[in-house]
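1. when you get a sec, could you give me coordinates for this:
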Amino acid sequence: MDFLITSLLNVDEACSLRLSLESEEQFWLDGRLTAGRHAAEVKRNRQLSPDCPAATKAAQFVKDALCANQLIKTYGLIKKVHGVMFSRCDPGDGYGLHVDNPFTKQGRRDLSFTLFLSDPSQYQGGALRIQGLQDSSEHRLLPGQVILYPSSSLHAVDSVNWGRRIVCVGWIESHVKSSEDRALLFNLECGARGLLARHGRSDELDLIYQSYSNAVRRLAD
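-> Numbers count the residues shown, from 1 in each chain. Got it, this is the predicted structure:
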């Protein structure tokens, strides 16, 4: 399964962000307003209006955190973070199996991300489910943890049974379109960083970094 899970915010940052957004009750709109025709049939949630000043400020905070995280930059080869929004699921809400549209007016969708803001003890159900070839993985992460996965994946949010699930979702346009190519480059750079940390700089390692840089040049759009 091709996905990355890592900590993006600390728990205090995530909880503070959640509380500031949760209080903007008048700005939480029907999530079907931003869904395509087929997705709208399986989507039941609320999304914070982009006209909400708190949402704009929070979205920029998340964008900056993503672009500053070295592991995420290595994994995603970020060209642009876009479409950042905040989603709320109350009891009975969820989002059936769907695939994200490949393009929006803001950019191409190569990677999707979900940043969890609610503690999993505050709600039941609501797992993010990513469908693989033969099975699926389910994720209910701690506040501040983020999962990134190819936007081409079928995925769903299981119905919330009780409590409230608040997350931040969005998309990344990568310099490298292919998920297979990004995985190759990610493994190559992580391996090189591990060798550097263990053995220090060497002429051989310089050749690996040269190959990595030139592979990025060749595979990038």
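2. direction included, what does the lengthiest strand in the chain pair against?
-> For the chain, the strand with the greatest residue count under DSSP state E is strand 78-89. Under the criterion DSSP bridges, strand 78-89 sits next to strand 46-48 (antiparallel), strand 165-174 (antiparallel) in its sheet.
3. pLDDT of the first one, averaged?
-> Along strand 46-48, the predicted confidence averages to a pLDDT of 97.
4. same for the helix or strand that comes right after the longest strand of the chain, what does it pack against?
-> Downstream of strand 78-89, the first helix or strand assigned by DSSP states H and E is strand 94-98. Contacts defined by 3 or more Cβ pairs under 8 Å, 6 or more residues apart in numbering; DSSP states H and E place strand 94-98 against helix 37-40, strand 43-44, strand 155-157. C-beta: built from backbone N, CA, C; applies to glycine.
5. okay, the angle between strand 94-98 and strand 165-174?
-> For strand 94-98 against strand 165-174, the angle by axes from the mean of the first three to the mean of the last three Cα atoms, to 10 degrees is 30 degrees.
6. and strand 94-98, which residues are buried?
-> The neighbour-count check on strand 94-98 (16 or more other Cβ atoms under 10 Å) flags 94-95, 98 as buried.
7. just checking, next helix/strand downstream of that strand?
-> Following strand 94-98 toward the C-terminus (DSSP H and E): strand 103-104.
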